[in-house]
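Engineer: I need the structure of the sequence given here:
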Amino acid sequence: MPRETLLAKEKFISGCSMNFNTENNLFRFLYGTLQIIRPVNFIIAFASIIVAGLICIDGQFLITNIFFAAFSGALVGAAGNIINDYFDLEIDKINRPTRMLPSGILTPFYTVFLYLLCTIIAFFLSLFIGVEAFTVVLISSVTIFLYSFRLKKVVLLGNFVVAFFTGFAFIYGGIAVNNWQFGIIPAVFAFMTNLIRELVKDIEDIKGDSANNVITFPQKFGTGKTILLINILTAILIIFTTIPFFLKIYRIEYFVIVMVLVNSLFVYLMHSLYKNQSAENLRRVSNLLKLNMVFGLIAIFLGK
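Structural biologist: Below you'll find the predicted structure:
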């Protein structure tokens, strides 16, 4: 084969290889961007605020306000996840080395840029709702940043902050339709569920937290006392879920779903947590608690 033909063939193969690598790197970059936003959490936050708006609406159907509230609230949550991963880089090298930053798929610089982008868009969207909504987004963004930077290292305080803002999404949905009081019950349910989930995640992360001098409740008081606290909180939550029905705030549809599905799953998960504290089971319990919050929202929506 002539030398020119061989050179042309090698150049063609090299070009194909470069194109393949470029496409592969682009895919990894887009995949990393999607994952650091936490698409499941984003969808849950978006849906939670939509549901909150529909639950709280009383009179004029403010669909545009509900959409802007849902999108801006989900973006605030996404920004919180992003900046939390940025500050947790060293911890995640131990606890979650496959995450986007410790694995090298995304850079710290790009992560900060993405955080700022999500935050700015959230501010802009909240202005369409009103000054009250903008103020909520501003305070939430600042507090979530402080949580990631410092507050999460204070025993239980960081857990309360995360759980509070998860529940506050329902109040925010109510603000969008000028009827925030109707969001109180789903807000309490979401707050309690996520406080329990945060404690489960702290047990899961105890090794990495210890290596990075982050003092969490399980690290300070032990896994046994943490599980006891989780069980107490779960019992309180189960009792709380029955109150709206007996006070005739929600209909029978709510009560049936809560008793048959939501509370049954709570009991099962607490039993599973007591029997098995392996990393795999802790992660499974954490994910199922997130799913159970969705079931609770369905119960509230159908029983409204």
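
Engineer: Contact partners for I236?
Structural biologist: M192 (CB atoms under 8 Å, 6 or more residues apart in numbering). Where C-beta positions appear, they are placed from N, C-alpha and C, glycine not excepted.

Engineer: That one and F182: what is the separation?
Structural biologist: Here I236 is placed at a distance of 22 Å from F182 (CB to CB, to the nearest Å).

Engineer: Helices of the stretch 201-304 of the chain, residue ranges please.
Structural biologist: Here the stretch 201-304 of the chain has its helices, by DSSP state H, counting those that start in this stretch, at 206-211, 217-221, 223-246, 252-257, 263-275, 279-303.

Engineer: Not counting its own residues, what contacts the last one?
Structural biologist: Outside of helix 279-303, the residues that reach it under the criterion CB under 8 Å, 6+ apart are 40, 44, 47-48, 51, 54-55, 185-186, 189-190, 193-194, 196-197, 200-201, 203-204, 241, 244-245, 250-255, 257-258, 261-262, 265-266, 269, 272-273.

Engineer: And the shortest one, by the same measure?
Structural biologist: Applying CB under 8 Å, 6+ apart, the contact partners of helix 217-221 are 155-156, 159, 199, 202-203, 206, 209-210, 225-226, 229.

Engineer: out of those residues, who's nearest G104?
Structural biologist: Closest approach to G104 among the contacts of helix 217-221 (CB to CB): D209, at 22.5 Å.

Engineer: Now stretch 109-125: average pLDDT?
Structural biologist: When pLDDT is averaged over stretch 109-125, the result is 95.

Engineer: Tell me the buried residues in that stretch?
Structural biologist: 110-111, 114-115, 118-119, 121-123, 125 (16 or more other CB atoms under 10 Å).

Engineer: Give the burial count for V267, as a bare number.
Structural biologist: For V267, the neighbour count with other CB atoms under 10 Å is 12.

Engineer: Distance check, the residue lying closest to D205 once chain neighbours are set aside against T119.
Structural biologist: Spatial nearest neighbour of D205, excluding adjacent residues (CB to CB, 6 or more residues apart in numbering): N95 at 5.1 Å. Going from N95 to T119 by CB to CB gives 25 Å.

Engineer: The residue nearest the centre of the chain sits in which helix or strand?
Structural biologist: In the chain, the residue lying closest to the centroid (CA atoms, centre = their mean) is N41, at 4.2 Å. Following DSSP states H and E, one finds N41 within helix 39-56.

Engineer: who touches that helix?
Structural biologist: 62, 65-67, 69-71, 73-74, 77-78, 81, 166, 169-174, 176-177, 179-183, 186-187, 190, 290, 293-294, 297, 300-301, 304.

Engineer: Check which element follows it along the chain.
Structural biologist: Elements were assigned by DSSP H and E; along the chain past helix 39-56, the next helix or strand is helix 63-87.

Engineer: immediately after that next one, which helix or strand?
Structural biologist: Going down the chain from helix 63-87, the next helix or strand is helix 89-95, by DSSP H and E.

Engineer: Run through the neighbouring helices and strands of the helix or strand following that following helix.
Structural biologist: Where DSSP H and E defines the elements, the next helix or strand beyond helix 89-95 is helix 108-129. Helix 108-129 is packed against helix 3-37, helix 63-87, helix 131-149, with contacts defined by 3 or more CB pairs under 8 Å, 6 or more residues apart in numbering; DSSP states H and E.

Engineer: Mean neighbour count, these: which tops it?
Structural biologist: Comparing the helices and strands packed on helix 108-129 by mean neighbour count (mean count of other CB atoms under 10 Å), helix 63-87 ranks first with a mean of 23.

Engineer: tilt between that one and helix 108-129?
Structural biologist: Helix 63-87 and helix 108-129 are oriented at 160 degrees to each other (axes from the mean of the first three to the mean of the last three CA atoms, to 10 degrees).

Engineer: Tell me which other helices or strands helix 63-87 touches.
Structural biologist: Judged by 3+ CB pairs under 8 Å, 6+ apart, the packing partners of helix 63-87 are helix 3-37, helix 39-56, helix 108-129, helix 131-149, helix 157-176.

Engineer: now the shortest one, how far from the centre of its chain.
Structural biologist: Relative to its chain's centre, helix 39-56 lies at 11 Å (CA atoms, centre = their mean, to the nearest Å).

Engineer: Tell me where the model's unsure across this structure.
Structural biologist: Low-confidence segments of the chain (pLDDT under 70): 1-24, 59-61, 208-214.

Engineer: residue contacts, A187?
Structural biologist: By CB under 8 Å, 6+ apart, A187 lies in contact with 52, 167-171.
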